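Novice: Sequence and predicted structure below; questions after.
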Amino acid sequence: QVQLVESGGGLVQAGGSLRLSCAASGRTFSSGAMGWFRQAPGKEREFVASIIRSGSTTTYADSVKGRFTISRDTAKNTVYLQMTSLKADDTAIYYCAASRSDYGAWAYWGQGTQVTVSS
């Protein structure tokens, strides 16, 4: 069984920063891409950022470009999301996801961590 466990969410003022972490575990787990999604109240889940296994390619939603940075420690099966210049619109539950390959479907999901940005 593969598990993704997020941490690092919380309450922050607008303009502040947070760093999310997601640790993957499982005896046979060997991930490809890992990524972050978010879901705000009353809205659908949306893509935030992703990174392939080697870390050489990252992709971001337009809404977070220049403010968020995704990185990973492959040896630890951990992905991070550094969020800066946070806005009230960034308030959401943030979910970690993992794929079995660099460009495959998102096969595994975490339970989510709440990020609340106060204006």
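Specialist: Sure, I can see it.

Novice: Spell out for me which residue occupies the centre of this protein.
Specialist: residue 36 (2.6 Å; C-alpha atoms, centre = their mean).

Novice: Which strand or helix spans it?
Specialist: strand 34-39 (DSSP states H and E).

Novice: Toward the C-terminus, what is the element adjacent to that strand?
Specialist: By DSSP H and E, the next helix or strand past strand 34-39 is strand 46-51.

Novice: what is the mean pLDDT for the helix or strand following that following strand?
Specialist: Following strand 46-51 in sequence order, the next helix or strand is strand 58-60 (DSSP H and E). Computed over strand 58-60, the mean pLDDT rounds to 98.

Novice: How about residues contacting strand 58-60?
Specialist: With C-beta atoms under 8 Å, 6 or more residues apart in numbering as the test, strand 58-60 has contacts from 48, 49, 50, 51, 52, 68, 70. Where you see a C-beta, it was placed from the backbone N, CA and C, and this is true even at glycine.

Novice: Chain neighbours aside, what residue packs nearest to the residue nearest to the centre of the chain?
Specialist: residue 48 (4.3 Å; C-beta to C-beta, 6 or more residues apart in numbering).

Novice: Give me the below-cutoff pLDDT ranges for this structure.
Specialist: Under the criterion pLDDT under 70, the flagged ranges of the chain are 27-30.

Novice: redo that, cut-off 90
Specialist: For the chain, applying pLDDT under 90 flags the ranges 1-2, 25-32, 74-77, 100-101, 103-104, 119.

Novice: In stretch 108-119, which residues are buried?
Specialist: 108, 110, 112, 113, 115, 117 (16 or more other C-beta atoms under 10 Å).

Novice: do stretch 40-51 as well
Specialist: So stretch 40-51, judged by 16+ other C-beta under 10 Å, has buried residues 47, 48, 49, 50, 51.

Novice: The second one is in contact with residue 97, isn't it?
Specialist: Put plainly, it is residue 48. No - using C-beta atoms under 8 Å, residue 48 is not in contact with residue 97, being 9.9 Å away.

Novice: Thought residue 78 was touching residue 71, still the case?
Specialist: No - look at residue 71 against residue 78 with C-beta under 8 Å: they stay out of range, at 9.3 Å.
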